[in-house]
Structures are given as C-alpha cells and as structure tokens.
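Peer 1: Predicted model follows, preceded by the sequence.
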Amino acid sequence: MAKDPNCIFCKIVAGEIPAKLVKEGENFLAFSDINAQAPHHMLVIPKEHYPNITEFRDAKGLGELFLAAADLAKEKGLKEGFRLVVNTGADGGQTVFHLHIHILGGRAMTWPPG
Ligand code: AMP
Ligand code: ZN
C-alpha cells in the first residue's frame, strides 16, 4: 500500500503535482490546503498511501503524524489554539482518500462542527 497512482496526495508526494510545502519528515509531508478554511490551514500526510485512519495500524507512524501536526501549529505561532481534524469516510466528510490531518488555526472555531 505504498502508493496509489490515482491519488492526488500520492502525486504531491511524488512531486508530480505542485503543493506549497511547509514541512517534510522522513515519513510525512505537510503542505497548505488549496482551499483554506481558516487563516492557517495545512495538511499533514503520511508519504505512504493509507486511505483513512482506520487503515493505518502503525502506532509509531500515527504518533509521528500527530507530533508533526502539533509541532507545525507551534511553529506557526498558533498560541491561542488550533484544531486538528481527521475526516474519515463519507459521513466524516472525507473527499481525498489518502489519510491526512487538517491543521486549522488563526481564528476561533465553532462547535459543534457542521
Ligand atoms: P477532506 O475533505 O478531509 O478529505 O480534505 C481534503 C482536503 O484536501 C480539502 O480541504 C481540499 O481543499 C484539500 N486539497 C485537495 N486537493 C488539494 C491539492 N492539490 N493541494 C492541497 N490541498 C488539496
Ligand atoms: Zn495516496
């Protein structure tokens, strides 16, 4: 499950389509969301293709992704807070089926989410 040739995020990892990269690690990539929903809106993805969080069974890998997201929020100066979101499946509002963590910040969030 290393790569899906039809997956837009795999293409970003492969450098086949452009993205505004903000951070890279051995196993993850972070880039700006193309349709920002907040002043800061970034995505953290594993370089390998996993369709969603239920398919990624590696606790260390999952931990690294969340640490990267938290570090990035800190590096971006989101001192007042931020939100991490992992949309999963149709009811979860997932539209790109390559696991990703949204980092949203720079404005107050509302609850409950839509
Ligand atoms: P989700 O609905 O949780 O699957 O989120 C997918 C996110 O990917 C959306 O917020 C999109 O705006 C974002 N997105 C889709 N294509 C790209 C792209 N080429 N570069 C950056 N972000 C993208
Ligand atoms: Zn993919």
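Peer 2: Okay, I see it. Ligands and ions are numbered 1, 2, ... in the order given.
Peer 1: Where do the helices of this protein begin and end?
Peer 2: Listed in chain order, the helices found in the chain under DSSP state H are 8-13, 59-75.
Peer 1: Can you tell me which of the ones you listed is most buried?
Peer 2: helix 8-13 (a mean of 19; mean count of other Cβ atoms under 10 Å). In short, each C-beta sits where N, CA and C put it, glycine included.
Peer 1: residues making contact with that one?
Peer 2: The contact list for helix 8-13 (Cβ atoms under 8 Å, 6 or more residues apart in numbering) reads 3-4, 17-19, 29, 31, 43, 45, 47, 49, 96, 98, 100.
Peer 1: Serialize the helices of the chain to a markdown table and add fields for mean pLDDT.
Peer 2: What follows is the helices of the chain, written out as a markdown table (pLDDT from 0 to 100):
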| stretch | mean pLDDT |
| --- | --- |
| helix 8-13 | 98 |
| helix 59-75 | 97 |
